[in-house]
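**Student:** any chance you could fold what I've pasted below:
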Amino acid sequence: MKLNGSQIVLEVLKEQGVDTVFGYPGGTILNIFDELYKYGKTFNHILTAHEQGASHAADGYSRATGKVGVCFATSGPGSTNLVTGIATAHMDSIPMVAITCNVGTSLIGRDSFQEVDIKGITMPITKHNFMVKNVEELADTLRQAFKIAISGRKGPVLVDIPKDITAAECEYISQPKQEAESLVKPKSKCFDRAVELLSNCKKPLIYVGGGAILSDVGKDLITFAEKIDAPVVSSLMGLGAFPNGHELHVGFIGMHGRFEANKAAHDCDVLITCGARFSDRVAGNRARFAPNAEILHIDIDAAEMDKNINSNYHLRGNLNEILPQLTCAIEQLDHTEWKQEINSFKRPFKQVQIEDYVNPQTLIEKVDECTPDDTIVVTDVGQHQMWAAQFYKYKMPRTLLTSGGLGTMGYSMGAAMGAAVGCCGRQVVMFVGDGGFHMNLSELATMASYNIPVKMFIMNNTVLGMVRQWQKIFYGNRFADTDPHRATDFVKVAEAFGVKGMRINTNDEIDDVLKEAFAVDGPVLVDCRISPDSNVLPMIPPGGAASDIIEEM
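**Tutor:** Residues are numbered from 1 along each chain as shown. Below you'll find the model as predicted:
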């Protein structure tokens, strides 16, 4: 079957099971968009307001569904507008394929109109990237991109296609969907040492990261924790992998984590690290993190072993294979005394009520109460992100989508759209600060155009809250450029885009507004007035350890 390059792109996407693409057209990618038009309803293409929105949407789609997210962009500024979204996906190991088109091969290297070396630009922030200069190589290159994105430690891949390649023709032969490469099993010697370690520990603690979500370890993590009777703490990226409310669940660990989670890590004698990388937001002071523990690090990426924290035991592989094997190899353990010890130092945290402003904890807990367990929560970056981590009770994997590694303000709008499109029928809730919302608020147009039913809650304190909090603690209350003095009326902004706008001024208004917002069949924006002096606590200072925790200001 002879096809042109544009048809080959779409046929390979069909092969790989792609049903949704997020993108924005332009001159060099017009051939592909023309074929996309001819393919009718084969693909659900979501036209975003900005290419960054498309990359974040592909990311959110992938996180929520477990599938590979796909985005399109044209050359020059179109492709560079994807960069922040690609870097966000790279830092959090999200499988995504970005397809860009460049100027024709005869124009490359001549500073042609809208020419840019997107392959060179994205080299440090992709698992791999390609420029296709021969149409005969196009199909296999795209297939390889999908294979790379899903194999081992997942991540984004970019394929750049010159415009003339999208028009050239060649023979096309369909192939089966790409499967992830199989991993080498841990050596039996390493596995036996791990079993011995776990069988003899007295104060075990399981530390769960984003890898537990990406590996789809599911109930095997619960079964493993119950078998070794070990409490469980989660990084920001790992929230939802282990259900909140389970008797072994201790909670969120790290800079803004629970006191008992951080102290448990300090006091444990064995730390079982599952798909986590000991980032500086968890192990701020590496020399003083888990100082009493032998560490068993289970991870799919050998590069993470001993990168931040030296571990005594390594098991490289997929958690959904290794944990069941460990569970079968270990006798039932009982660590009642250790669990009681952790319970003895638990310190329930209560967010301070400031005047008659909306209390962040009250708002988030009430949203939690009126949404089902499979609700997808998407956050931006800042104080609201930490409040959502602290106060929403995540009971299922892939229900918290947040930029954990790169910390991308403006992430939430695109990601929430991608999640809602990918998981049609499930409730999607978005928490965002007024600062981050300003960055990509143009995606309200996309929300309205496609009637994407995201319920958006702006935690509006009129300042750049997290940076301002750091200025309070570390910069002597010198609030340099963290009060932008903006007078944006978010309700009017929402209505201007065709989105339902509402406002919550006090705690007393929360219940009625939530009831009305969730009754709307479509997107809703709720402006929630938060005090600029609401702080995220507890807090371990940068470079600090559990003993340095700040619990009040």
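
**Student:** number of nearby residues for residue 51?
**Tutor:** Residues contacting residue 51 under the criterion other C-beta atoms under 10 Å number 28. (Each C-beta comes from the backbone N, C-alpha and C, glycine too.)

**Student:** can you tell me which residues contact it?
**Tutor:** Going by C-beta atoms under 8 Å, 6 or more residues apart in numbering, residue 51 touches 23, 24, 71, 73, 78, 79, 81, 82.

**Student:** cutoff 10 Å now
**Tutor:** 22-24, 26, 71-74, 77-85, 98, 100, 414 (C-beta atoms under 10 Å, 6 or more residues apart in numbering).

**Student:** which ones among the residues you listed lie within strands?
**Tutor:** Counting by DSSP state E, the part of the contacts of residue 51 found in strands is 22, 23, 71, 72, 73, 98, 100.

**Student:** return the member of those nearest to residue 524.
**Tutor:** Top of the list for closeness to residue 524, among those and by C-beta to C-beta, is residue 22 at 21.7 Å.

**Student:** distance check, the closest one against residue 347.
**Tutor:** 43 Å (C-beta to C-beta, to the nearest Å).

**Student:** who's more crowded, those two?
**Tutor:** For residue 22 versus residue 347, the count of surrounding residues by other C-beta under 10 Å is larger for residue 22: 30 against 11.

**Student:** the more buried one is in contact with residue 49, isn't it?
**Tutor:** No: Residue 22 lies out of contact with residue 49 (C-beta atoms under 10 Å); the separation is 11.1 Å.

**Student:** who touches both of these two?
**Tutor:** With C-beta under 10 Å, 6+ apart as the test, residue 22 and residue 49 both reach 414, 446.

**Student:** which helix or which strand is home to the nearest residue to residue 104 once chain neighbours are set aside?
**Tutor:** Ranked by C-beta to C-beta, 6 or more residues apart in numbering and with sequence neighbours excluded, the top spatial neighbour of residue 104 is residue 164, at 4.2 Å. According to DSSP states H and E, residue 164 maps onto helix 163-167.

**Student:** who wins for most neighbours among the ones in strands among the contacts of residue 51?
**Tutor:** residue 71 (33 neighbours).

**Student:** how close does it sit to residue 331?
**Tutor:** 49 Å.

**Student:** ok, residue 489 next?
**Tutor:** From residue 489 to residue 331 the distance is 63 Å (C-beta to C-beta).

**Student:** can you report how many residues neighbour residue 471?
**Tutor:** Around residue 471 there are 18 residues (other C-beta under 10 Å).

**Student:** Three-state assignment for the closest residue to it other than its chain neighbours, please.
**Tutor:** Closest residue to residue 471 apart from its sequence neighbours, by C-beta to C-beta, 6+ apart: residue 479 at 5.4 Å. Using DSSP: H, G, I helix; E, B strand; the rest coil, the structure places residue 479 in coil.

**Student:** hmm, back to that, as CSV, the ones in strands among the contacts of residue 51 with pLDDT and distance to residue 472 would be great.
**Tutor:** Output for the ones in strands among the contacts of residue 51, formatted as CSV (pLDDT from 0 to 100; distance: C-beta to C-beta, whole Å):
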residue, pLDDT, distance to residue 472
22, 98, 39
23, 98, 42
71, 98, 39
72, 98, 44
73, 98, 40
98, 98, 39
100, 98, 43
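
**Student:** pick out the most distant pair among these.
**Tutor:** Greatest spacing in the ones in strands among the contacts of residue 51, by C-beta to C-beta: 22 and 100 (13.1 Å).

**Student:** quick one: common contacting residues for the two?
**Tutor:** With C-beta under 10 Å, 6+ apart as the test, residue 22 and residue 100 both reach 51, 71, 72, 73.

**Student:** okay, now residue 105: neighbour count?
**Tutor:** So residue 105, with other C-beta under 10 Å, has 16 neighbours.

**Student:** quick check, it in contact with residue 166.
**Tutor:** No: in this structure, residue 105 is not within contact of residue 166 by C-beta under 10 Å, at 11.2 Å.

**Student:** hey, what's in contact with both of those two?
**Tutor:** residue 132.

**Student:** can I get stretch 325-342 in CSV, CA atoms only?
**Tutor:** Extracted as CSV, the C-alpha positions of stretch 325-342 are listed here (Å, rounded to 0.1, in the frame of the first residue of the first chain):
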residue,chain,number,x,y,z
GLN,A,325,8.0,-12.2,44.2
LEU,A,326,9.0,-10.6,47.5
THR,A,327,5.6,-11.2,48.9
CYS,A,328,5.7,-14.9,48.1
ALA,A,329,9.2,-15.3,49.5
ILE,A,330,8.6,-13.8,52.9
GLU,A,331,6.7,-15.2,55.8
GLN,A,332,3.9,-13.2,57.4
LEU,A,333,5.5,-10.6,59.7
ASP,A,334,4.2,-8.6,62.7
HIS,A,335,5.4,-5.1,63.6
THR,A,336,2.8,-4.1,66.0
GLU,A,337,5.2,-2.4,68.4
TRP,A,338,6.6,-0.3,65.5
LYS,A,339,3.2,0.8,64.3
GLN,A,340,2.2,1.7,67.9
GLU,A,341,5.4,3.8,68.2
ILE,A,342,4.5,5.7,65.0
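
**Student:** may I see the buried residues of it?
**Tutor:** Across stretch 325-342, burial judged by 16 or more other C-beta atoms under 10 Å covers 325, 326, 327, 330, 333, 335, 338, 339, 342.
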